[in-house]
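J.: pasting the sequence and the predicted model now:
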Amino acid sequence: MIKIRLDVDYAYPSRLQSFLFTTLNTKTSKNYLKNSKILAKMFNESPKELMAYWFFTPQTTPDAELLALLRPNNNEVALHVATQPYQELERLEKATKRKVKYYTVHGTARLLARIMWRRKLWEARAPIPLDFPLKSFYDYPTLGLDRVCYDHNTEQALKIAEESVAKGEVLHVHPEWLFQRGTLNHRGPYYEVFKSLLQVDEDLDDIFVRKKSFAKIAYRPEQFEYVRNGAPSEQLLKKLSERGADIYTFIERKWCCPLSNPPKAWLKTEDNVAILKVTPYEEWLSSVGKKTRNMIRKAEKSGVKTESAQPDEKLAEGIWKIYNETPIRQGRAFSHYGARLEDLKLQVSHYGKTDTYISSTLDGQLVGFVQLTHGDQVTVMTQILSLQKHWDKAVNNALVAKAVEVCAGRGEKWLMYGRMGNHPSLDNFKESNNFQKLTLNRYYVPLTQKGATAMKLGLHRELKNALPPQLKNAFLPVFNWVSRTRIKARLRLKSN
């Protein structure tokens, strides 16, 4: 069983708001116990056996919404003594209509905090009478998980938490640090650890949040948002809003999952993909131009062997050499340059369980590869790269041809190859292999008033996507020059 102790010291996610309302001895309904309610929902959704002990102060007495979430079979209401043990116990039991069995004491190391809690200036903790009827919770072995999350990354903290649970220890957290990181008190966000430990919120696994202007945008990276339906449910949008996102964006997969009657509040912008309707390989080969067929034959005549590859260390080493061949590709800085071999071994091993790797080899050495990510009614060419010194051997043509053959053999319906409009020469290559530009809709969903305001001001869009094609093409050489200059300067500084 997972045992969790929650010291609900403050009522609001914002420290400033919590300090203000604690000092004024008042409260507001907006965001009251917001993080506690998120945690309670996570506990209720978890398939794990758990018991949560909630220690409330006079300033964090649970409201009706939170009480409804605290199912009595696995949630215990308890007292976090602030100043007056007997009065606070009576008030808590009256407000919750539940019998309280345990107590802890709210400590305040700083003078200002003691003033805020109306405590005697020389008292870090309120004294507990010897005849106080509750049982101290300090008798149980405990791990301060939010402290662990301050000192360790998510993977390390999760391992420590699992070992602690196995030993029968209680995981101790404060709801206010669910998402944010403290500095003076050395506490760190533990949401990701709880998410894995409790096996919840799996629908958020591949959703990331980034800040743009004053709003936070939730999104799925390209390798995820095309392979399955991204249209959100009401539950997903509510979770994202609770977790601090202001806007959610997703692609409408028009080729298989067109939306009907999306809400008017959803803002629609135009996007596109390069997509190929998969046909039997021989049919595709006869449909492409003579030049493309000749390029495929050229690779074969040059001794290039193209086939499905095993996701092993040899493949990872070959990819590592391709990544680190040159810092500049297609006229701009190459983002994978400088990749570490150990990281690539882990990456290939991970994606090899679900994706298909295709390799092109020359004299037994990897000269190019493509990674195919298989999704719902589409396969995405996540990466296609080859050694520049062998570009004269038409390696990429051979890789695309093999990708089409593999998809046809698997009965795939569609093969996607990135977007169109960012690289004129690459666009020509895609078109020569029968990939067509498919115009799609990208939707932006406001989750908060802040998000709605950002969308009205046009701050949700990337500048490169907002520019018309004529301006984008005009600025492309400038962007490429800036990109090349930056990486060259970085490499010079590194060598010095």
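T.: Structure received. Numbering: from 1, shown residues only.
J.: who touches the residue nearest the centre of the chain in this structure?
T.: Nearest residue to the geometric centre of the chain (CA atoms, centre = their mean): Phe208, 3.1 Å. Phe208 sits next to Ala218, Tyr219, Arg220, Pro221 when contact means CB atoms under 8 Å, 6 or more residues apart in numbering. For glycine as for every other residue, the C-beta is placed from the backbone atoms N, C-alpha and C.
J.: repeat that for 7 Å
T.: With contacts defined as CB atoms under 7 Å, 6 or more residues apart in numbering, the neighbours of Phe208 are Tyr219, Pro221.
J.: same deal with Ala274?
T.: With CB under 7 Å, 6+ apart, Ala274 has these contacts: Met416, Tyr417, Gly418, Arg419, Met420, Lys430, Phe435, Lys437.
J.: looking at those residues, which are in strands?
T.: Met416, Lys437 (DSSP state E).
J.: just the helices in the stretch 101-250 of the chain please.
T.: 111-116, 145-151, 154-166, 191-198, 222-225, 234-242 (DSSP state H, counting those that start in this stretch).
J.: nearest to Pro327, of those?
T.: Judged by CB to CB, the one of the helices of the stretch 101-250 of the chain that comes nearest to Pro327 is helix 222-225, at 22.4 Å.
J.: for the closest one, what is the average pLDDT?
T.: In this model, helix 222-225 carries a mean pLDDT of 82.
J.: can you check stretch 96-111 too?
T.: 86.
J.: now do the buried residues in it.
T.: Thr96, Arg98, Val100, Tyr102, Tyr103, Thr104, Val105, His106, Thr108 (16 or more other CB atoms under 10 Å).
J.: those residues: which two are farthest apart?
T.: Largest pairwise distance in the buried residues of stretch 96-111, by CB to CB, is 26.5 Å, between Arg98 and Thr108.
J.: switch the helices of the stretch 101-250 of the chain over to CSV; also include distance to Met1.
T.: Shown next, in CSV, are the helices of the stretch 101-250 of the chain (distance: least, CB to CB, whole Å):
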stretch, distance to Met1
helix 111-116, 34
helix 145-151, 16
helix 154-166, 8
helix 191-198, 12
helix 222-225, 34
helix 234-242, 26
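J.: if we compare the ones you listed, which one ends up closest to Val304?
T.: Among the helices of the stretch 101-250 of the chain, helix 222-225 sits nearest to Val304 (CB to CB), with 26.3 Å.
J.: all helices of the stretch 251-400 of the chain, in order?
T.: Going by DSSP H, counting those that start in this stretch, the stretch 251-400 of the chain shows helices at 281-287, 290-301, 313-323, 341-351, 395-410.
J.: pick the most buried one from those.
T.: helix 395-410 (a mean of 22; mean count of other CB atoms under 10 Å).
J.: put the alpha carbons of that helix into PDB.
T.: Written as PDB, here are the backbone C-alpha positions of helix 395-410 (Å, rounded to 0.1, in the frame of the first residue of the first chain):
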ATOM      1  CA  VAL A 395      20.800   7.300 -50.500                       C
ATOM      2  CA  ASN A 396      17.700   9.300 -49.500                       C
ATOM      3  CA  ASN A 397      15.900   8.100 -52.600                       C
ATOM      4  CA  ALA A 398      16.600   4.500 -51.700                       C
ATOM      5  CA  LEU A 399      15.400   5.200 -48.100                       C
ATOM      6  CA  VAL A 400      12.100   6.700 -49.200                       C
ATOM      7  CA  ALA A 401      11.500   3.800 -51.700                       C
ATOM      8  CA  LYS A 402      12.100   1.300 -48.900                       C
ATOM      9  CA  ALA A 403       9.800   3.200 -46.600                       C
ATOM     10  CA  VAL A 404       7.000   3.000 -49.100                       C
ATOM     11  CA  GLU A 405       7.600  -0.700 -49.600                       C
ATOM     12  CA  VAL A 406       7.600  -1.400 -45.800                       C
ATOM     13  CA  CYS A 407       4.300   0.600 -45.400                       C
ATOM     14  CA  ALA A 408       2.700  -1.200 -48.300                       C
ATOM     15  CA  GLY A 409       3.700  -4.600 -46.800                       C
ATOM     16  CA  ARG A 410       2.200  -3.600 -43.400                       C
END
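J.: now the angle from that helix to helix 290-301?
T.: Angle, helix 395-410 to helix 290-301, by axes from the mean of the first three to the mean of the last three CA atoms, to 10 degrees: 100 degrees.
J.: residues in contact with helix 395-410?
T.: Residues external to helix 395-410 that are found in contact with it (CB under 7 Å, 6+ apart): 278-281, 284, 292, 295-296, 299, 304, 306, 308, 356, 358, 360, 367-368, 370, 372, 379, 381, 384, 386, 415, 433.
J.: how about the strands of the stretch 51-200 of the chain, start to end?
T.: Counting by DSSP state E, counting those that start in this stretch, one finds strands in the stretch 51-200 of the chain at the ranges 75-81, 102-105, 135-136, 142-144, 170-173.
J.: can you list the neighbours in contact with the first one?
T.: The contact list for strand 75-81, computed with CB under 7 Å, 6+ apart, reads 7-9, 52-57, 70, 88-89, 92, 96, 98, 100-106, 126, 128, 134, 137.
J.: the fourth one too?
T.: Around strand 142-144, the neighbours that count as contacts under CB under 7 Å, 6+ apart are Arg5, Ser164, Glu169, Val170, Leu171, His172.
J.: residues near Pro127, how many?
T.: Using other CB atoms under 10 Å, Pro127 is surrounded by 12 other residues.
J.: lowest-confidence helix or strand of the chain?
T.: Within the chain, no helix or strand scores below helix 463-466, which has a mean of 57 by mean pLDDT, DSSP states H and E.
J.: can you get me the start-to-end distance on stretch 162-178?
T.: 18 Å (CA to CA, to the nearest Å).
J.: buried sites along that stretch?
T.: Ser164, Val165, Glu169, Val170, Leu171, His172, Val173, His174, Pro175, Glu176, Trp177, Leu178.
J.: let me see the confidence value for the most far-flung residue of the chain relative to its centre.
T.: Computed with CA atoms, centre = their mean, the residue of the chain farthest from its C-alpha average is Asp131, at 49.9 Å. What the model reports as pLDDT for Asp131 is 92.
J.: I'd like the numbering to begin with 70 instead of 1 from here.
T.: Right, with 70 as the first residue, what we last looked at is Asp200.
J.: Glu157 versus that one, what's the distance?
T.: Remark: distance between Asp200 and Glu157 (CB to CB, to the nearest Å) = 16 Å.
J.: Ser233 now?
T.: For Ser233 relative to Glu157 (CB to CB), the value is 30 Å.
J.: okay, and Ser105 sits in which element?
T.: In this assignment (DSSP states H and E), Ser105 forms part of helix 103-114.
J.: re the thing from before, tabulate the buried residues of stretch 165-180 (JSON lines), appending distance to Val262.
T.: Listed next are the buried residues of stretch 165-180 as JSON lines, based on distance: CB to CB, whole Å:
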{"residue": "Thr165", "distance to Val262": "28"}
{"residue": "Arg167", "distance to Val262": "28"}
{"residue": "Val169", "distance to Val262": "28"}
{"residue": "Tyr171", "distance to Val262": "24"}
{"residue": "Tyr172", "distance to Val262": "26"}
{"residue": "Thr173", "distance to Val262": "22"}
{"residue": "Val174", "distance to Val262": "26"}
{"residue": "His175", "distance to Val262": "24"}
{"residue": "Thr177", "distance to Val262": "27"}
